[in-house]
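>>> coords below, sequence missing:
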């Protein structure tokens with residue numbers, strides 16, 4: 001164990017306390033959390049949190065600014081003083097602790113968490129938390145729930161306000177999940193706690209508390225919009241004008257792109273956005289930028305991104321290579337359209353991170369020529385993909401071949 005002087009120095013270096021507080025207020029806090037609030041010269045928090053902690057606050061109570069400052073400049077400016085930040089429940093589960101940790105080192109703060117809203121809801125319902133999906137829709141697009149909607153699954157969603165449960169019910173109903181059970185849990189842990197249940201399609205709750213979570217038991221109708229896990233979603237799920245990487249080719253293309261958590265993809269000539277959308281569906285940490293010059297297709301990409309529950313897909317509307325300027329450096333690049341235009345291919349090669357992967361598909365002879373030259377100059381792998389589909393031939397059926405696709409896959413070394 002470190003000497004007492006070292007322990008004191010360690011405690012002094014941790015100038016910031018982050019305290020998770022529930023609707024039961026100071027009664028639900030442990031002794032260390034109570035001391036952290038009482039000893040702070042400044043206590044930050046939402047007005048509701050500050051009101052809950054009023055009996056313990058001896059320093060200055062400072063509400064968060066409006067609009068909220070994600071850089072936490074007011075807190076950072078007091079570095080070295082005794083400061084306390086109040087947050088809801090577990091500060092590091094979609095909470096203020098996550099934001100603070102982007103600006104303040106973990107060796108500078110001590111956290112005293114309380115049960116999260118997800119934990120409280122699971123305990124009220126008797127649901128094993130490890131077996132269910134959890135998602136925060138607080139201040140985030142409600143469409144984020146779409147990829148989680150699978151028959152038989154359970155979901156707990158944290159909403160933004162009293163309108164959230166109705167909005168969820170409407171989304172479930174229009175997506176073919178109207179028979180799903182919904183339980184709205186309000187003001188958990190406080191004196192006003194309530195729990196009300198019903199079917200999504202029959203939602204009629206009134207006077208919902210602004211503090212609520214919604215627990216969903218997913219039931220799908222025959223026409224429900226279910227987004228399967230894995231590559232190669234049905235083309236019919238996408239809105240498109242024919243400019244789409246077809247299902248079978250898309251599955252092989254995404255396999256070649258080899259998504260890894262946290263990576264950024266550039267989808268050059270995005271068309272319907274199908275590659276970037278499936279890339280982002282692979283993991284919540286995935287990021288993608290779709291580059292598309294055609295205004296109608298760009299609008300279509302936006303609509304598809306929301307309908308697939310990946311509203312974080314970034315759309316750059318413009319012509320490559322100029323549209324690539326000043327974009328974050330990608331881990332992977334897919335060139336699906338416009339790769340034979342002057343400067344596009346070389347700009348993509350230059351932009352790619354060392355060790356990054358580039359996949360390019362060709363259906364035209366011009367683009368195939370570009371890929372053959374690239375493979376001769378840089379190496380990499382070339383494959384040709386041909387798909388045939390059964391189609392009517394008079395009263396019978398025969399194979400109707402689609403246009404063949406040439407694909408080049410390349411990993412960038414330390415130097416071109």
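Alright, I've got the coordinates. Computed from a predicted model, the values in this text were never measured in an experiment.
>>> is residue 334 in a helix, a strand, or coil?
Here residue 334 is strand, with the state taken from DSSP: H, G, I helix; E, B strand; the rest coil.
>>> show me where the stretch 51-200 of the chain has its strands.
For the stretch 51-200 of the chain, the strands defined by DSSP state E, counting those that start in this stretch occupy 60-63, 83-88, 109-112, 133-136, 154-158, 181-186, 194-199.
>>> relative to residue 351, which of the ones you listed is closest?
strand 133-136 (32.8 Å; Cβ to Cβ). Heads up, the C-betas are built off the backbone N, CA and C, glycines and all.
>>> state the mean pLDDT of the closest one.
The average pLDDT within strand 133-136 is 96.
>>> packing partners of it?
Packed against strand 133-136, as judged by 3 or more Cβ pairs under 8 Å, 6 or more residues apart in numbering; DSSP states H and E, are the following elements: strand 154-158.
>>> run me through the strand neighbours of the strand it packs on, direction for each.
strand 133-136 (parallel), strand 212-217 (antiparallel) (DSSP bridges).
>>> for residue 310, which of those strands is the nearest?
strand 133-136 (13.0 Å).
>>> retrieve the pLDDT associated with the residue most central in space within the chain.
Centroid check for the chain by Cα atoms, centre = their mean gives residue 284 as the closest residue, at 4.4 Å. Model confidence at residue 284, given as pLDDT, is 93.
>>> how close does it get to residue 265?
As judged by Cβ to Cβ, to the nearest Å, residue 284 and residue 265 stand 14 Å apart.
>>> for residue 213, same thing?
Residue 213 sits 32 Å away from residue 265, taking Cβ to Cβ as the criterion.
>>> how about residue 33: what's its closest non-neighbour residue?
In space, and not counting its chain neighbours, residue 33 is closest to residue 112: 3.7 Å by Cβ to Cβ, 6 or more residues apart in numbering.
>>> may I ask you to confirm that that neighbour is in contact with residue 19?
Yes: counting by Cβ atoms under 8 Å, residue 19 is a contact partner of residue 112 at 4.8 Å.
>>> if you count what's nearby, which of these two comes out ahead?
More crowded of residue 112 and residue 19, by other Cβ atoms under 10 Å: residue 19, with 27 against 21.
>>> rewinding a little: any chance of the strands paired with strand 154-158 in TSV, plus distance to residue 49 and mean neighbour count?
Listed next are these as TSV, based on distance: least, Cβ to Cβ, whole Å; neighbours: other Cβ atoms under 10 Å:
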stretch	distance to residue 49	mean neighbour count
strand 133-136	17	18
strand 212-217	17	23
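>>> and residue 175, what does it touch?
146, 149, 224-225 (Cβ atoms under 8 Å, 6 or more residues apart in numbering).
>>> at 7 Å instead, please
For residue 175, the contact set (Cβ atoms under 7 Å, 6 or more residues apart in numbering) comprises 149, 224-225.
>>> what comes into contact with stretch 181-192?
Applying Cβ under 7 Å, 6+ apart, the set of residues contacting stretch 181-192 from outside is 22-24, 28, 117, 120-121, 124-125, 165, 169, 193-200, 203, 205, 208-209, 211-217.
>>> go again using 6 Å as the cut-off
Contacts of stretch 181-192 from elsewhere in the structure, counted by Cβ atoms under 6 Å, 6 or more residues apart in numbering, are 22-24, 120-121, 165, 193-197, 200, 209, 211-217.
>>> then stretch 345-352?
With contact meaning Cβ under 6 Å, 6+ apart, stretch 345-352 is reached by 321, 324, 333, 339, 358, 370, 412.
>>> would you mind listing the buried residues in stretch 74-81?
Within stretch 74-81, the residues that count as buried by 16 or more other Cβ atoms under 10 Å are 75, 78.
>>> typo on my end, it should be stretch 368-379
Result for stretch 368-379 [16+ other Cβ under 10 Å]: buried residues 368, 370-371, 374-375.
>>> thinking again about what came up before, tell me the buried residues within the contacts of residue 175.
Buried by 16+ other Cβ under 10 Å: 149, 224, out of the contacts of residue 175.
>>> which one of the contacts of residue 175 sits closest to residue 313?
Of all the contacts of residue 175, residue 225 has the smallest distance to residue 313: 17.7 Å, by Cβ to Cβ.
>>> tell me the contacts of the closest one?
175-176.
>>> phi and psi next, for it.
Dihedral pair for residue 225: phi -90, psi 90, per degrees, to the nearest 10.
>>> how far away is it from residue 178?
For residue 225, the distance to residue 178 - Cβ to Cβ - is 12 Å.
>>> please apply the same query to residue 312.
Separation of residue 312 from residue 178 (Cβ to Cβ): 27 Å.
>>> looking at those two, which one has more neighbours?
Legend: neighbour count by other Cβ under 10 Å for residue 312 and residue 178, higher for residue 178 (19 against 14).
>>> now residue 329: which helix or strand?
Taking DSSP states H and E as the definition, one finds residue 329 inside no helix or strand.
>>> I meant residue 265, not that one.
Assigned by DSSP H and E, residue 265 falls within strand 264-268.
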